[in-house]
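[1] Sequence first, predicted model second:
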Amino acid sequence: MKGAIITFLLVACTTMLWAQEQPKQPSQPVDTVVLISGRKVLGQVQMVSSSKISYFPEGKKQISEIERRQVQSIIYRNGKVEKFNTPALEVVSEGDWKTIVLTENSSDVEGLYELGRIDAQSAPRSRSAKSAQRSADIKMQKKAAALKGIMILVTKRESKGGYGEVPTHLVEGIVYGFDPPSDK
C-alpha cells in the first residue's frame, strides 16, 4: 500500500513539474483600439456599428462595448488601420509651425518684437478658395517658424480666380516674437 502511495505521489509531482516547465504558446495577434485619450485597449474586435464598437478584451471571454465617439482608431491584427475621430488636443513642440498664430488685429502683437516681413502664395493644386487660403496660411506659418516667430500680423490678403479657374490666395504679413531679432 505504501509503495502505491509513493508511486502515485512521484507521478503527481513529476506531472506538476513537467506542466510548469512547458513553454507558453505564443499569444495570438490582437486588434488594438486606440482611444481619444491615447490609451490603447487590446482585444479582438467583433463588430463596429454606427454608435458602438464590440470587442473581446485580451484574456477575457466576455464581450465589452465602447462608444464609437471615444475611439480614435482601430489597428487590426492584419495591419489595417481604421480611423474614426481625431484627438481634441494634439501635443506640439514649441517652435513648431502649427503653434504660430495668424491675426489681423494689431493690438494682439503689442509688446512683441518685429522679426521680419513675409509673404506666401497658395499651392497651384488648390481646388477651392478655402483650400487656397489654408495653403497660403500654412506657408506663412512655416516661414514664421523659420524666423523663430510666434505670431503673424496679416497685413494683406488677396484671392484670385473665379468659376472654372484655379483659385489663388496671396498673403502678406509681419512676423513677431518674444525676443528681439538677432543681428547677422
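    Yep, that arrived.
[2] Tell me the bridge partners for residue 176.
    Beta-bridge partners recorded for residue 176 (DSSP bridges): residue 114, residue 151.
[3] change the start of the numbering to 47 and stick with it
    Will do, 47 is the new start, and the previous item becomes residue 222.
[4] ok, now which ones touch it?
    By Cβ atoms under 8 Å, 6 or more residues apart in numbering, residue 222 lies in contact with 155, 158, 159, 160, 161, 195, 196, 197, 198, 199. Glycine gets a C-beta too; all of them are placed from N, C-alpha and C.
[5] Now for the residues you listed: which two are most distant?
    Greatest spacing in the contacts of residue 222, by Cβ to Cβ: 159 and 198 (13.3 Å).
[6] And the two? Which one has more around it.
    Just comparing residue 159 and residue 198: by other Cβ atoms under 10 Å the higher neighbour count belongs to residue 198, 27 against 13.
[7] The more buried one against residue 190, yeah?
    Yes - the pair residue 198 and residue 190 passes the contact test of Cβ atoms under 8 Å, sitting 5.2 Å apart.
[8] Give the residues shared as contacts by these two.
    Counting by Cβ under 8 Å, 6+ apart, the residues touching both residue 198 and residue 190 are 146, 164, 221.
[9] any idea which of these has the most stuff around it?
    The most neighbours of any of the shared contacts of residue 198 and residue 190, using other Cβ under 10 Å, belong to residue 221, which has 27 neighbours.
[10] so what's that one up against?
    Applying Cβ under 8 Å, 6+ apart, we find residue 221 in contact with 160, 161, 162, 163, 164, 189, 190, 193, 195, 197, 198.
[11] That'll do, ta.
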